[in-house]
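J.: test case, fold it:
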Amino acid sequence: MPGRIEDYALIGDCESAALVGRDGSIDWLCWPRFDSDACFAALLGTPDHGRWLIAPRDEIVRVTRRYRGNTLILETRFETADGAATVVDFMPPRGSHSNVVRLVVGERGSIAMRLEFVLRFGYGAVVPWVSRLEDGTVRAVAGPDMVVLRGPLELRGENLTTVGEFIVAAGDEIPFVLTYSPSHLPAPSPLPVRSALIATEAFWNEWASAARSCASAIAIRSLITLKALTYAPTGGLVAAPTTSLPEQLGGPRNWDYRFCWLRDATRMLLALMNAGYQEEASAWRDWLDRAVAGSPDQLQIMYGIAGERRLTEWEVPWLPGYEDARPVRIGNDAYRQLQLDVFGEVMDALHQARCGGLAAGDESWAVQRAVLDHLEAIWREPDEGIWEVRSGPRHFTYSKVMAWVAFDRAIRSAESFGLDGPLDRWRRVRAEIHEEVCRRGFDERLGSFVQSYGSAEVDASLLLIPAVGFLPADDPRVRGTIAAIERRLVVDGFVLRYDSGTAQDGFPPGEGAFLACSFWLADAYAMIGRWDDARALFERLTALCNDVGLLSEEYDVSARRLVGNFPQAFSHVALVNTALLLADTAKPAGDRVSPPAMIERAAAEEPQAD
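T.: Sure, this is the predicted structure:
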């Protein structure tokens, strides 16, 4: 059986990724791209669906692990009665091939180790043809895919599993390298392991060193995680490297997150820019520009890592799912939904990019104007909302707020950067949306904004109303909304995104607390001057990170477990933004409308960015 979600650590090469368990087993590997068929799928099934184990044969006395400094090099140290050894796992920066390196280092005494290699393609369904090359390399081929496994050990086959045993003594270094290649090409050349390790360590340390000095260790670890979830060739950032890790243990809330959501756009951009990563922010902005290009009425809420539009969802019947959470889904049909908030996210992200000095061409502004023309025609329509409900469209309050943001940011961009546009008309639409939201989205009896027009429910996305500048933080309606969310959605100190107990989203009730929403509450506390509460909540949230600093999407407060896809970019983006907010109390809380001084300076230096 797979371990708990929090038992896993991430390794990756900024194009693909793997999850390594505390027991020394790689149970999930998606390569050569995040969204490709997984070679290993034990995480969602059984070991027979693919895994790679390297661990002691005898009883383990203690396991400790860490990332080597500010890198994505994982070190898992096993201790037995006879000695100690460390398995060093990493994926070198991509060259012509994708590699997974597992280096076994003897530290004390000697340990009997075992290797078990179960290779399956097609999400655990396809058994490849395994053969041995002249140099002892194990090669596995199935259709278009090939992997080769190299190491100094003579391996043998047993029941469709490649196995081997070896002794590692103090001072020994025993390397194993798994390399992917298209099957029509010759077997790739051996990887020089020692130089690859040096290059990998240098890559991550150099990248991490660019972080602003105010970034804490936990924020830097989250930034490294976000970098690992970035698809380097395009700049797209996946929500998570996994699919179908359940939001509800044993339930059907299981989704494929190996795609890029527009809802992450502004928060991701601000996290990168505010932390000092202009190059990554620029790459993300460029990906966003390319993805949304085209007819505005075809704007999607999410895209593939290269901007692909067709993300058809299907179910995998041969995988039982993580702890029997069914179904396992590949693809995500939410890409077909109308979510009005993404229009605001796109316009806000591109406005913030201008403020940050990320120059864009005239074509980008032309696309944005066309997007606004379309939004002007549809903003009154109901939609599925930020949480992608599958129970039918409604007039979600936050969706309308973000429609307001779209026009507000267009006006700000035009005023600040000399861009052409029908400002008077945009101002009229902005005012109309604002008036409607305040009239129909606010419940006088509750003293709070509500999830959708006419509803009596609240929604954690309403915490973002002051952050996006729709109303000031000291407005009584904002304070009332925060109070209502505290009463209704806070469970054991953590925030639910909405009351799933009402089954209002088309699924059985029950899911974990949404971690990004909990960080939003900390931000809201800061914005209304409750700094002690903000810091206390931030500390509670960061305490949920596993032993190597990773978070999933949600936290099951009853089971006290991380749930949902892992690691989750949305959670780590929220962590970074809250950490920077709390570390820099001199700047205004709510930096989506009041950018930090560094961004304002950049904008002043390049007033004609467009």
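J.: residue 466 is in contact with residue 526, isn't it?
T.: No. Between residue 466 and residue 526 there is no contact, the gap being 10.4 Å when judged by C-beta atoms under 8 Å. C-beta here means a position set from N, CA and C on the backbone, and glycine is covered the same way.
J.: neighbour count for the two, which is higher?
T.: More neighbours surround residue 466 than the other of residue 466 and residue 526, with 26 against 23 (other C-beta atoms under 10 Å).
J.: any idea which helix or strand carries that one?
T.: Counting by DSSP states H and E, no helix or strand carries residue 466.
J.: next up, the contacts around it.
T.: When contacts are counted by C-beta atoms under 8 Å, 6 or more residues apart in numbering, residue 466 is found next to 472, 473, 475, 478, 524, 527, 590.
J.: now, among the residues you listed, which is nearest to residue 563?
T.: Closest approach between the contacts of residue 466 and residue 563, by C-beta to C-beta: residue 524, at 23.9 Å.
J.: show me what contacts residue 301?
T.: Remark: with contacts taken as C-beta under 8 Å, 6+ apart, residue 301 is in contact with 261, 262, 263, 334, 335, 337, 339, 342, 388.
J.: now render the residues you listed as TSV, adding pLDDT, distance to residue 128 and neighbour count.
T.: Listed next are these as TSV, based on pLDDT from 0 to 100; distance: C-beta to C-beta, whole Å; neighbours: other C-beta atoms under 10 Å:
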residue	pLDDT	distance to residue 128	neighbour count
261	94	33	25
262	91	37	22
263	88	38	22
334	93	33	21
335	94	31	20
337	94	37	18
339	94	40	27
342	95	40	25
388	87	36	18
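J.: in strands, which of the residues you listed fall?
T.: With strands defined by DSSP state E, the entries of these inside them are residue 261.
J.: which regions of the stretch 201-350 of the chain sit below the pLDDT cut-off?
T.: Within the stretch 201-350 of the chain, no range satisfies pLDDT under 70.
J.: so where does residue 348 fall, helix or strand?
T.: For residue 348, the element it lies in under DSSP H and E is helix 341-355.
J.: quick one: name whatever helix or strand follows that helix.
T.: helix 362-378.
J.: so which elements touch that following helix?
T.: The helices and strands touching helix 362-378, judged by 3 or more C-beta pairs under 8 Å, 6 or more residues apart in numbering; DSSP states H and E, are helix 278-292, helix 341-355, helix 397-417.
J.: quick revisit: what's the closest of the contacts of residue 301 to residue 311?
T.: residue 335 (4.4 Å).
J.: in this structure, which spans are helices?
T.: Using DSSP state H, the helices of the chain run over 193-208, 217-228, 265-275, 278-292, 341-355, 362-378, 397-417, 423-440, 476-489, 515-527, 531-542, 569-583, 597-605.
J.: same list (those helices) but as a markdown table, adding distance to residue 165.
T.: Output for those, formatted as a markdown table (distance: least, C-beta to C-beta, whole Å):
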| stretch | distance to residue 165 |
| --- | --- |
| helix 193-208 | 21 |
| helix 217-228 | 32 |
| helix 265-275 | 46 |
| helix 278-292 | 43 |
| helix 341-355 | 53 |
| helix 362-378 | 59 |
| helix 397-417 | 57 |
| helix 423-440 | 66 |
| helix 476-489 | 53 |
| helix 515-527 | 41 |
| helix 531-542 | 41 |
| helix 569-583 | 39 |
| helix 597-605 | 56 |
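J.: so for the residue of the chain most remote from its centre, what's the pLDDT?
T.: The C-alpha centroid of the chain is most remote from residue 134, which lies 41.8 Å away (C-alpha atoms, centre = their mean). Looking at residue 134, its pLDDT is 79.
J.: so where's the protein uncertain?
T.: Within the chain, the stretches with pLDDT under 70 are 501-507, 585-610.
J.: what's the domain layout of it?
T.: If the domains of the chain are taken from automatic domain parsing, they occupy 5-185, 207-595, with pieces of a single domain joined by a plus sign.
J.: save those domains as JSON lines, and put in distance to residue 193 too.
T.: Below are the domains of the chain laid out as JSON lines (distance: least, C-beta to C-beta, whole Å):
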{"stretch": "domain 5-185", "distance to residue 193": "4"}
{"stretch": "domain 207-595", "distance to residue 193": "20"}
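J.: can you say which of the ones you listed is nearest to residue 197?
T.: Distances from residue 197 to each of the domains of the chain were compared using C-beta to C-beta; the shortest belongs to domain 5-185, at 6.8 Å.
J.: and the end-to-end length of the closest one?
T.: Across domain 5-185, the straight-line distance between its terminal residues is 36 Å, by C-alpha to C-alpha, to the nearest Å.
J.: please state the offset of that domain from the chain centre?
T.: On the basis of C-alpha atoms, centre = their mean, to the nearest Å, domain 5-185 is displaced by 23 Å from the centre of the chain it belongs to.
J.: residue 195 is nearest to which of the domains of the chain?
T.: Ranking these by proximity to residue 195 (C-beta to C-beta) places domain 5-185 first, at 9.2 Å.
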